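Asks: I need the structure of the sequence given here:
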Amino acid sequence: MLLRREVRTSGKGVVEITSMVAEAVDESGIKEGLCTIFVRHTSASLVIQENADPGAVRDLEAWFERAVPENDPLYTHTQEGPDDMPAHIKSALTASSLAVPVDGGRLALGTWQGIFLWEHRSTPKRRQLVIYLQG
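Replies: Numbers count the residues shown, from 1 in each chain. Sure thing, here's the model as predicted:
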C-alpha cells in the first residue's frame, strides 16, 4: 500500500511524525511487514532519534549547525540563500528514507525511539512524504 502525507514545518528543526506513520500502518491493516518512509526533498531528511528527552534532538541539531555552518566561503551553490547548501549537506549526511518493521500491526520502534522529519531550511515548508507498507 502506498500512502502520501504532507508535513508542514516552521523552519529549521525537527517535527516528530511517529504518530502520522503509526496511523498509516493502522490504516493499512498490515500486521507484519515493513514500513518505508521517504521524504521527497533534498533539503529535509528523516531520522530515528530519542523522543523522550527533547534535549537529545536539540543537541543533535546544535551539533549539525556547528558542523555545517551557513555562509561558508567554499560553497558555490548559494543562489537560494545562505541556508541552501548547508541544508543539502545535512540531508546527505542523514537519510531520505527509513525502513521500520511492522510487528503485530504496530511500528517495531524501541521504547525511546521516534521518527522525525528534519527541516534543514530556515523558512517554513510543506514537505511531501511517501509511505510504503508491505506485508
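Asks: was I right about residue 13 contacting residue 119?
Replies: Yes. Counting by CB atoms under 8 Å, residue 13 does reach residue 119; the two are 5.9 Å apart. From N, CA and C alone the C-beta is placed, and that goes for glycine too.
Asks: Between those two, which has more neighbouring residues?
Replies: Counted by other CB atoms under 10 Å, residue 13 and residue 119 do not tie: residue 119 has more neighbours, with 26 against 14.
Asks: quick one: that one and residue 12, what's the gap?
Replies: 6 Å (CB to CB, to the nearest Å).
Asks: likewise residue 60?
Replies: 12 Å.
Asks: which residue of the chain sits farthest from its center?
Replies: residue 73 (27.8 Å; CA atoms, centre = their mean).
Asks: got the residue ranges for the strands in this protein?
Replies: Using DSSP state E, the strands of the chain run over 2-8, 13-16, 32-39, 44-50, 97-103, 106-107, 113-119, 126-134.
Asks: Which one, of the ones you listed, ends up nearest to residue 89?
Replies: strand 44-50 (10.6 Å; CB to CB).
Asks: Which residues does that closest one contact?
Replies: The contact list for strand 44-50 (CB atoms under 8 Å, 6 or more residues apart in numbering) reads 9, 14, 37-39, 56-57, 60, 87, 90-91, 94-98, 100, 109, 112-121, 125, 127.
Asks: For it, list every residue counted as buried.
Replies: Residues 44, 45, 46, 48, 50 are the ones in strand 44-50 that count as buried (16 or more other CB atoms under 10 Å).
Asks: Pipe those into CSV and attach distance to residue 32 and pLDDT per row.
Replies: Below are these laid out as CSV (distance: CB to CB, whole Å; pLDDT from 0 to 100):
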residue, distance to residue 32, pLDDT
44, 30, 98
45, 27, 98
46, 22, 98
48, 20, 98
50, 26, 97
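Asks: Turn the residues you listed into TSV, including distance to residue 21.
Replies: Listed next are the buried residues of strand 44-50 as TSV, based on distance: CB to CB, whole Å:
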residue	distance to residue 21
44	15
45	15
46	10
48	11
50	17
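Asks: quick revisit: Throw together a ChimeraX command that grabs the buried residues out of the contacts of strand 44-50.
Replies: Typed into ChimeraX, the next command selects the buried ones out of these (criterion: 16+ other CB under 10 Å):
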select :9,14,37,38,39,57,60,87,90,91,94,95,98,100,109,113,114,115,116,117,118,119,120,121,125,127
